[in-house]
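**Q** have a look at this prediction, sequence included:
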Amino acid sequence: MPVTPTHTARAAAARAEKVFAVPYSVRRHRARARAMAPFGEPESWLDIDTGHGHFPAVAREVHPYTAFDGLDPTGRVEEGRRAGRVEEAHVGLLADLATGLAGRYDVLSMFHYLERSEDPRIELIAARTVLRPGGHLMIEVPVPQSRYARLLGKGWLRPGPHHPRPGPHQPLPGPHHDIPLSALRRDLESLGYTVVATERREPHIPFDLAAGLALALGRMRATARVAAPLLAAAALVDRLLAPLVSRTRFSNAYRVIARRGPKK
């Protein structure tokens, strides 16, 4: 397959995210885990699209008595299990495995997964199957109407994974679905969930300017020598602006916590 400017741009953006976001990912994972604290200590937690299980490894520090399992369409989750980051590793898609995992979990988390799934509603139904009655579903997705999206236009790369995965399940490199909070709330409530918390400040990922610049530099085929200092400067601006931006409509992601009802 020929390497196009778009492919180069996305690869550059993925490198920028990896280089500049890693020191902050632990903090972000802890904030996600702490968001469940008001709802009690869960006995079991399944993280969807967990990759190598880095979120469960950090979340265990916040919830030391919780058993964390991971589900991922690739063998990365098995590597996470061998490294001790998750207790059980499930390889496949949630919709395919839900029946075998029915009623096993108190919490199920989906971080920047739902918008990339084939059918978000099917994923919500599968999550309901896996959760115990009264269990909680935690979702984070991009804000499709973010002011950054309007400002950067085609140069806005939404937060979340942008790397291709090996194996039979290879999603497109970008999100499939725009999911406004109002639409997600309606879908959840129609399926018997009760939305118990929403948040836009903490889920914001300070990434927009660096990613937009990476896309532009990729299209221009800029060399690494030229791109590196520019990306570093843009990433620094993202970090400096984050405390302010996250409180405004420039925030690029939101979180929903919904409680599963007693009925299927």
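**A** Arrived safely. In this text, all values refer to a predicted model and were calculated from it rather than measured experimentally.

**Q** all contacts plus neighbour counts: C-alpha atoms, from now on.
**A** Will do.

**Q** would you map the helices across the chain?
**A** Secondary structure of the chain (DSSP state H): helices located at 5-34, 54-62, 76-82, 94-97, 120-130, 147-152, 181-190, 208-219, 224-245.

**Q** now tabulate these in a markdown table and tack on mean neighbour count and mean pLDDT.
**A** What follows is those, written out as a markdown table (neighbours: other Cα atoms under 10 Å; pLDDT from 0 to 100):
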| stretch | mean neighbour count | mean pLDDT |
| --- | --- | --- |
| helix 5-34 | 18 | 64 |
| helix 54-62 | 20 | 96 |
| helix 76-82 | 20 | 97 |
| helix 94-97 | 16 | 96 |
| helix 120-130 | 21 | 97 |
| helix 147-152 | 16 | 78 |
| helix 181-190 | 14 | 96 |
| helix 208-219 | 24 | 82 |
| helix 224-245 | 16 | 85 |
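
**Q** if we compare those, which one ends up closest to residue 202?
**A** Go through the helices of the chain one by one with Cα to Cα and the one that ends up closest to residue 202 is helix 5-34, at 7.2 Å.

**Q** any idea which strand is longest in the chain?
**A** Counting by DSSP state E, the longest strand found in the chain is strand 131-142.

**Q** now that one: mean pLDDT?
**A** Per-residue confidence for strand 131-142 averages out to 96 on the pLDDT scale.

**Q** still on that earlier bit, out of the helices of the chain, which gets nearest to residue 43?
**A** Nearest to residue 43 among the helices of the chain is helix 54-62 (11.5 Å), distances taken as Cα to Cα.

**Q** neighbouring contacts of that closest one?
**A** Identification of contacts with helix 54-62 by Cα atoms under 8 Å, 6 or more residues apart in numbering yields 26, 29-30, 32-34, 47, 66, 68-70, 80, 84-86.

**Q** rewinding a little: dump the helices of the chain into CSV; add distance to residue 258 as well.
**A** As requested, the helices of the chain are arranged in CSV below (distance: least, Cα to Cα, whole Å):
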stretch, distance to residue 258
helix 5-34, 14
helix 54-62, 19
helix 76-82, 25
helix 94-97, 18
helix 120-130, 10
helix 147-152, 26
helix 181-190, 8
helix 208-219, 28
helix 224-245, 26
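
**Q** of these, which approaches residue 141 most closely?
**A** Between residue 141 and the helices of the chain, the tightest spacing by Cα to Cα is seen for helix 181-190, at 9.0 Å.

**Q** pretty sure residue 147 is touching residue 250, no?
**A** Yes: between residue 147 and residue 250 there is a contact at 4.6 Å, judged by Cα atoms under 8 Å.

**Q** hang on, the earlier thing: which among the helices of the chain is found nearest to residue 256?
**A** That would be helix 181-190 among the helices of the chain, by Cα to Cα, at 8.2 Å.

**Q** got the angle between the closest one and helix 120-130?
**A** Between helix 181-190 and helix 120-130, the angle comes out at 40 degrees (axes from the mean of the first three to the mean of the last three Cα atoms, to 10 degrees).

**Q** who touches helix 181-190?
**A** So helix 181-190 is contacted by 121, 124, 143, 194-195, 254, 258 (Cα under 8 Å, 6+ apart).

**Q** in a markdown table, list those residues along with distance to residue 109.
**A** As requested, the contacts of helix 181-190 are arranged in a markdown table below (distance: Cα to Cα, whole Å):
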| residue | distance to residue 109 |
| --- | --- |
| 121 | 15 |
| 124 | 11 |
| 143 | 18 |
| 194 | 16 |
| 195 | 14 |
| 254 | 13 |
| 258 | 11 |
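
**Q** what's the most distant pair in those residues?
**A** 143 and 194 (20.7 Å).

**Q** these two: which has the busier surroundings?
**A** residue 143 (24 against 18; other Cα atoms under 10 Å).

**Q** neighbours of residue 133, how many?
**A** Residue 133 is surrounded by 18 other residues when neighbours are defined as other Cα under 10 Å.

**Q** give me the nearest residue to it, chain neighbours excluded.
**A** Of all residues not flanking residue 133 in the chain, residue 262 sits nearest, at 4.7 Å (Cα to Cα, 6 or more residues apart in numbering).

**Q** pretty sure that neighbour sits against residue 134.
**A** Yes: using Cα under 8 Å, residue 262 makes contact with residue 134 at a distance of 6.4 Å.
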